[in-house]
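> turn this into a structure:
(chains A and B)
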Amino acid sequence: MNKLIELKGITKSYDGETVLNHINLDIHDHEFVTLLGPSGCGKTTTLRIIGGFVTPDEGDVIFDGARINDLPPYKRHVNTVFQKYALFPHLNVYENIAFALRLARLPEAEISRRVKEMLALVALSGFEKKNVNLLSGGQQQRVAIARALINKPRVLLLDEPLGALDLKLRKDMQNELKKIQTQTGITFIYVTHDQEEALSMSDTVVVMQNGVIQQIGTPTDIYNEPVNAFVADFIGESNIVDGVMLEDKLVSFSGHTFPCLDSGFGKNQPVDVVVRPEDVDVVSPEKGMLRGIVSSVTFKGVHYEIIVDIGGFKWMIQTTDYVAPEAEIGLYIEPDAIHVMNKSEFSGQFGDYSSFSDEMDNISDPDATEEE
Amino acid sequence: MGRVILKEKMNKKRSFLRTAAAYPHMVWSVLFIVAPLIFVLYYALTEEDASGNFYFSFANITALAGESYLPVFFRSICFAVVATAICLVLAYPLAYFLSKCKVSSQRMLIMLVMLPMWMNLLIRTYSWMNILETNGLINNLLTTIGLPNAKLLGNGAAVVLGMVYNFLPYMIMPIYTVMSKIDSRYLEAAADLGCNGPQTMLRVILPLSASGIISGITMVFVPSVSTFYISQKMGNGRFEMIGDTIERQFMSNYDYHMGATLSLVLMVLIIICLAVMNRFGDEDGGVLV
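Numbering: from 1, shown residues only, chains lettered A, B, ... in the order given. Have a look, this model is predicted:
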């Protein structure tokens, strides 16, 4: 796959506040790339720079080998599905979708044929004459996608397109978007703060925070091999504890030494250790590598989510077997369930569920607020 | 059960209060809008005999065709159309510019647009006469630099200038209001789909601001077509408008019946114009309103 878009050292600040800090990113042809991060991380600004709505202060935007920093949006082979769709309220469904073709002054017969094609693609055949203001959120979404795709762009930019839809519809649209992307072969650059959405749709996930790209990788890489505490915490649930790398494939944390699969760290180097809640086995206290007291149990349907106090640090563990609150349990952690990361600016900020459980206590305890 | 009744009572009380809030306006409307209209209608359709008794008659309406009123109506409409068109051409780009300014400067600039409206129309018109008259500001300036005097007052252009100056804010405001509400996402979407600046203006901004244009045209055309003072002063009385004729009937001829008839016809004309305008509005931007 050849590089379609390259961002080189992109920096952007608004009113002295740095929104993007030396972003470097390559996007390939036919790729589904997701920019993932919490609000304010710079993902939407990155998208708008590619779309041409924002000019970077520094750095180059390369499209298909040519620098396009100063190219206005209407000259770029890129189309956008806007956050709240931005369908033209004075045009009906047909005219909204036909908009780009009318600008190109194509013959009416071709416009009609291609609009019909697009409507079929987004499963809205027969909606031609409908008023866009009277469509449901999901339907408006589809019209916006059809409108953006009709000009056969090289790249489709999607800015939190499913944010306004309810959960069920969002899941359906995720599948549909992925299907459309596979069918058309167009490169999708997708912005979201929903990690689950990012993992299920993308070829490549770009995790951003504080205007910096934290990690670029496939969804499995990002989930299984997060580079720092921020990524580990943002993607899924994680217990992140302080540890020391004793030697290759041997790490110590929570007062116990564990065999693991990671290597390449310095001897006795302080590290962050990630253990996913679903990777911990609950065993009897004698058999456990760690022992702890269950401080809360929440039924989640597929599993129980329990908070376990291990020497003052609260772990989240997901288990299919019921454990009683206040019970003492043992935890068994397989070597491949342990992921070791270098210390970073995010160390110590994430991955402790004590605040999580406190919040739970406060909600269920009417006296808690009075004490404060 | 008792609760339901109580609720109904409360609802009744509330709805009574709501209606009551409209009473002052209703009284006002009946006294100063409905009653005068009835009088206009009454006077228009009656004549006075020698002893001062009123009798029903279409004489005034038939007289419209006979006397030289038709050219006056025609002239009024022509002047109003020209003034409205000039207002639109001036106001549209200005409103667009205003809506693109920073919010803080927008307030300031809107103040400047509104400022002349705080002064009385008569004073504003007199000021223009001062500027344009034979010994006025402009001619003094011309004489100083050794140019001959120009006759600036007493022509059609001066009348149109007076109308445009006085009614321009009524065109700017509604267009500006609608434009400042156009979501910038639409403009981005247009650019994204291939519109350059002029195309965005033509295909997105213009249709989305159509409702503002319609109400602007209405708000300028109606006072322009019925104006009576501006034409007298700026045109030196050479361009009699329908408003001037009506004034003359009431104030100097004391022919209230003819005056009322002319007023009635003018009102009907305006209503027809508005109806036509609204039809346009429905087709173009009706969805927006």
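
> quick one: contacts of stretch B:194-206?
Stretch B:194-206 has contacts (C-beta atoms under 8 Å, 6 or more residues apart in numbering or on different chains) with A:72, A:74, A:88, A:99-100, A:103-104, A:151, B:96, B:179, B:182, B:186-187, B:190-191. C-beta: built from backbone N, CA, C; applies to glycine.

> next: stretch B:217-229.
Contacts for stretch B:217-229 (C-beta under 8 Å, 6+ apart): B:76-77, B:79-81, B:83-84, B:87-88, B:121-122, B:125, B:163, B:166-168, B:170-171, B:174, B:241-244, B:246-247, B:266, B:269-270, B:273-274, B:277.

> export that stretch to PDB, keeping only CA atoms.
This file holds the C-alpha atoms of stretch B:217-229, laid out as PDB (Å, rounded to 0.1, in the frame of the first residue of the first chain):
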ATOM      1  CA  ILE B 217     -37.700  44.000   0.600                       C
ATOM      2  CA  THR B 218     -41.000  44.100   2.300                       C
ATOM      3  CA  MET B 219     -39.800  46.500   5.000                       C
ATOM      4  CA  VAL B 220     -38.300  48.900   2.500                       C
ATOM      5  CA  PHE B 221     -40.900  48.700  -0.200                       C
ATOM      6  CA  VAL B 222     -43.900  49.400   1.900                       C
ATOM      7  CA  PRO B 223     -42.700  52.700   3.500                       C
ATOM      8  CA  SER B 224     -41.100  53.700   0.200                       C
ATOM      9  CA  VAL B 225     -44.300  53.300  -1.800                       C
ATOM     10  CA  SER B 226     -46.300  55.200   0.700                       C
ATOM     11  CA  THR B 227     -43.800  57.900   1.600                       C
ATOM     12  CA  PHE B 228     -45.000  61.500   1.300                       C
ATOM     13  CA  TYR B 229     -42.400  63.800   2.900                       C
END
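
> sketch out the low-pLDDT regions of the stretch 51-200 of chain B for me.
Scanning the stretch 51-200 of chain B for pLDDT under 70 picks out the ranges B:66-67.

> need the residues of it near chain A, please.
Proximity of the stretch 51-200 of chain B to chain A (C-beta under 8 Å from any C-beta of the partner chain) is limited to residues B:183, B:185-186, B:188-196, B:199.

> what is the burial count for A:Gln181?
21 (other C-beta atoms under 10 Å in any protein chain shown).

> just give the number of residues close to the nearest residue to it once chain neighbours are set aside.
Ranked by C-beta to C-beta, 6 or more residues apart in numbering or on different chains and with sequence neighbours excluded, the top spatial neighbour of A:Gln181 is A:Phe188, at 4.9 Å. Look at A:Phe188: counted by other C-beta under 10 Å, it has 23 neighbours.

> top helix in chain A by residue count?
Longest helix in chain A, counting residues (DSSP state H): helix A:167-184.

> OK, contacts around A:Thr34?
A:Ile189, A:Tyr190, A:Val191, A:Thr192, A:Glu197, A:Ala198, A:Met201, A:Ser202, A:Thr204, A:Val205, A:Val206.

> tell me the secondary structure at it.
strand (DSSP: H, G, I helix; E, B strand; the rest coil).

> what does A:Ile240 give?
strand.

> give me phi/psi at the closest residue to it other than its chain neighbours?
Nearest-residue entry for A:Ile240: A:Gly351, 2.4 Å, with adjacent residues in sequence omitted and distances by C-beta to C-beta, 6+ apart. Backbone dihedrals for A:Gly351, given as degrees, to the nearest 10, come out at phi 90, psi 10.

> okay, now A:Gly351: neighbour count?
24.

> does it touch A:Ala232 like I think?
Yes. Contact criterion C-beta atoms under 8 Å: A:Gly351 and A:Ala232 qualify, at 6.6 Å.

> give the residues shared as contacts by these two.
By C-beta under 8 Å, 6+ apart, the residues touching both A:Gly351 and A:Ala232 are A:Ser238, A:Ile240, A:Asp272, A:Val274.

> by neighbours, which of those residues wins?
Neighbour counts for those peak at A:Val274, which has 27 neighbours (criterion: other C-beta under 10 Å).

> please name the residues that touch it.
A:Pro226, A:Ala229, A:Ala232, A:Ser238, A:Asn239, A:Ile240, A:Ile338, A:His339, A:Val340, A:Met341, A:Gly351.

> hang on, the earlier thing: can you dump the C-alpha coordinates of the longest helix of chain A into CSV?
Backbone C-alpha positions of helix A:167-184 (Å, rounded to 0.1, in the frame of the first residue of the first chain) are rendered in CSV as follows:
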residue,chain,number,x,y,z
LEU,A,167,-26.4,2.7,20.8
LYS,A,168,-28.3,0.2,18.7
LEU,A,169,-28.2,2.4,15.6
ARG,A,170,-24.6,3.2,16.2
LYS,A,171,-23.6,-0.5,16.1
ASP,A,172,-25.6,-1.0,12.9
MET,A,173,-23.9,2.0,11.3
GLN,A,174,-20.5,0.9,12.4
ASN,A,175,-21.0,-2.3,10.4
GLU,A,176,-22.4,-0.5,7.5
LEU,A,177,-19.6,2.1,7.4
LYS,A,178,-17.0,-0.7,7.4
LYS,A,179,-19.0,-2.4,4.6
ILE,A,180,-19.1,0.8,2.5
GLN,A,181,-15.4,1.3,3.1
THR,A,182,-14.5,-2.2,1.9
GLN,A,183,-16.9,-1.9,-1.1
THR,A,184,-15.6,1.4,-2.3
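
> just checking: what are the partner strands of the next helix or strand after that helix?
Downstream of helix A:167-184, the first helix or strand assigned by DSSP states H and E is strand A:187-192. Strand A:187-192 pairs in its sheet with strand A:32-36 (parallel), strand A:155-159 (parallel), by DSSP bridges.

> tell me what angle the last one forms with helix A:167-184.
Going back to what we said before, that points to strand A:155-159. 170 degrees (axes from the mean of the first three to the mean of the last three C-alpha atoms, to 10 degrees).

> that older thread, farthest-separated two in the shared contacts of A:Gly351 and A:Ala232?
The most widely separated members of the shared contacts of A:Gly351 and A:Ala232 are A:Ser238 and A:Asp272, with 9.7 Å between them, by C-beta to C-beta.

> mind listing the shared neighbours of these two?
With C-beta under 8 Å, 6+ apart, A:Ser238 and A:Asp272 have common neighbours A:Ala232, A:Gly351.

> what segments of chain A are helices?
A:43-51, A:93-103, A:108-121, A:137-149, A:167-184, A:195-201, A:219-224, A:229-234, A:354-364, A:367-371.

> outside of stretch B:231-244, which residues touch it?
B:69, B:72-73, B:75-76, B:79, B:125-126, B:128-129, B:132, B:153-156, B:158-159, B:161-162, B:225-229, B:262, B:266.

> from those, which ones fall inside helices?
Going by DSSP H, the helices hold B:69, B:72-73, B:75-76, B:79, B:125-126, B:128-129, B:132, B:156, B:158-159, B:161-162, B:225, B:229, B:262, B:266 from the contacts of stretch B:231-244.

> which of the residues you listed are buried? Put it as a ChimeraX command.
To isolate the buried members of the ones in helices among the contacts of stretch B:231-244 in ChimeraX, using 16 or more other C-beta atoms under 10 Å in any protein chain shown:
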select /B:69,72,73,75,76,79,125,128,129,132,156,158,159,161,162,225,229,262,266
